[in-house]
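Asker: only the shape, not the letters, is given here:
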C-alpha cells in the first residue's frame, strides 16, 4: 500500500482569483481557466508555472486541467501545485484527474470547498515512480486524443460536403427556399429523474447530458434510466434521429454541442431536442445547425453567475435551408458513408479510453503499472 498524504501537505492549494469573472475576458491574451475549463483570455497572466486547475462549482465540478506557461484562473476555481521537490506536478494532475476524486457538497449546484480540497488524500510513491506513472498516462492520453482528432476530422469532412452542396445557411448564396428553425421543428425539453429514487437509475434507456455530447452522432450515454423513470419523472424520451442541442451550461467559448441520436434516449434539462417536420431530413437539419455554430455563439448570453444560455427565441429564429427533400436525402446518404468510418474510429476511441482508465486504476489503486 502506497503512503497516503493530504494534498494540502504537499501542494499549495488555493482559490483562483475570486474577484475576476468571465466578464473580464478579452479576444486575445493569456489563457484563462474558469469552472468550465480553459475558455477565454485575459490581458495579463497571474501565473507562469505548471499547476492543476480544479473546477470548484457547477456542471463540471471536480474536473481538472493541467496548466503550464503563462495563465490565470478566475472565480469558482481552485489551483494547486507541488511545494516539495519530492512531488511531481504532472503526477498531481493524473492522480486527481477523476471528477469524483474530490468530495462534493450541495445537490442542485455541487461545489468543492477549499478545506475538502486540501484534505483530499493522494497516494505518494517515490518521485521516480510518480514520473513513470505520469509518462505512461501521458502516452495513453495522447492515444485518446488522436482518436478524438480523427473523429473531429470526419465531422469536418461532412461539414465540407454540406457547404459544397448547399452553401452557408445564413448568407444562402445558392438561393434556396428558407424557413426558421421554429417553423420546421417541434422543441422538446428534458429533465432529470429524482436522485432519491434509485430505481429510476437502473435501466437500459440512455439518459444524455451535455458531457455525453462529444461527437455529432450520439450512440450512448454514461448514465441510463429505467422505463419507470421515463413514465414517472421529468425525463422525456426523444426518438431516434432527434437532434439535441445544449442550451445551458456547457456551452464553451468555441462550441455549442449539437448531435443526433442514434437510438431513442432521454435527456436532461440543459438540452433541447429538435424534432424536424417531414420537409427536413434530420441529418440535413443537424448539419444545417452545426455549420452555424460560429454564428450561434454570438447569440449566447451569460448570466450573472457565469452560466451560458441559448434562449428559445434565438433558437427559433435560426435560418434553415429548404432545398428539395431528394437532395437532402443525397446528403444524408453521404453522411451515412462517413458514419461507417466514424463508427470504426469511435470503437477505437472506446478501446483507447478503456486502456487509459485501466492504467489509471492500476496506478492509483495500489496494483501498480507494469514496467
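Answerer: Received it, and whenever you're ready, just let me know what you need. Source: prediction; values computed, not measured. Numbering: from 1, shown residues only.
Asker: is it true that residue 109 touches residue 56?
Answerer: No - applying Cβ atoms under 8 Å, one finds residue 109 not in contact with residue 56, separated by 11.2 Å. Where C-beta positions appear, they are placed from N, C-alpha and C, glycine not excepted.
Asker: the more surrounded of the two?
Answerer: residue 56 (27 against 11; other Cβ atoms under 10 Å).
Asker: tell me the contacts of that one?
Answerer: 15, 35, 76-78, 111-112, 117 (Cβ atoms under 8 Å, 6 or more residues apart in numbering).
Asker: just those residues: which are in helices?
Answerer: Here DSSP state H is the test, and these give residue 117 as lying in helices.
Asker: quick check, central residue of this protein?
Answerer: residue 211 (4.3 Å; Cα atoms, centre = their mean).
Asker: quick one: residues contacting that residue.
Answerer: 59, 222, 250.
Asker: skipping adjacent residues, who's closest to residue 260 in space?
Answerer: Spatial nearest neighbour of residue 260, chain neighbours left out: residue 286 (4.7 Å); criterion: Cβ to Cβ, 6 or more residues apart in numbering.
Asker: list phi and psi for the one you found.
Answerer: phi -60, psi -50 (degrees, to the nearest 10).
Asker: hmm, it is touching residue 216, no?
Answerer: Yes - taking Cβ under 8 Å as the definition, residue 286 is a contact partner of residue 216 at 7.0 Å.
Asker: and those two? Which one has more around it.
Answerer: Taking neighbours as other Cβ under 10 Å, residue 286 and residue 216 compare with residue 286 leading, 27 against 24.
Asker: coming back round to it: now, the contacts of residue 56 that are in strands?
Answerer: 15, 77-78 (DSSP state E).
Asker: what is the nearest of the contacts of residue 211 to residue 278?
Answerer: If you rank the contacts of residue 211 by distance to residue 278 using Cβ to Cβ, residue 250 comes first, at 31.4 Å.
Asker: all the helices of the stretch 51-200 of the chain, in order from the start?
Answerer: With DSSP state H, counting those that start in this stretch as the criterion, the stretch 51-200 of the chain has helices at 89-95, 114-119, 127-166, 181-184.
Asker: what's next to the last one, contact-wise?
Answerer: Around helix 181-184, the neighbours that count as contacts under Cβ under 8 Å, 6+ apart are 274, 276-277, 279-280, 285, 289, 315-320, 322.
Asker: state the mean pLDDT of it.
Answerer: Average pLDDT, helix 181-184: 97.
Asker: could I get the buried residue list for that helix?
Answerer: By 16 or more other Cβ atoms under 10 Å, the buried positions in helix 181-184 come out as 181, 184.
Asker: going forward, count from 18.
Answerer: Yes, from this point I'll number from 18; that puts the last item at helix 198-201.
Asker: what number of residues lie near the nearest residue to residue 87 once chain neighbours are set aside?
Answerer: In this structure, residue 87 finds its nearest non-sequential neighbour in residue 62, 3.6 Å apart by Cβ to Cβ, 6+ apart. Residue 62: 14 surrounding residues under other Cβ under 10 Å.
Asker: many thanks, I have nothing further to ask.
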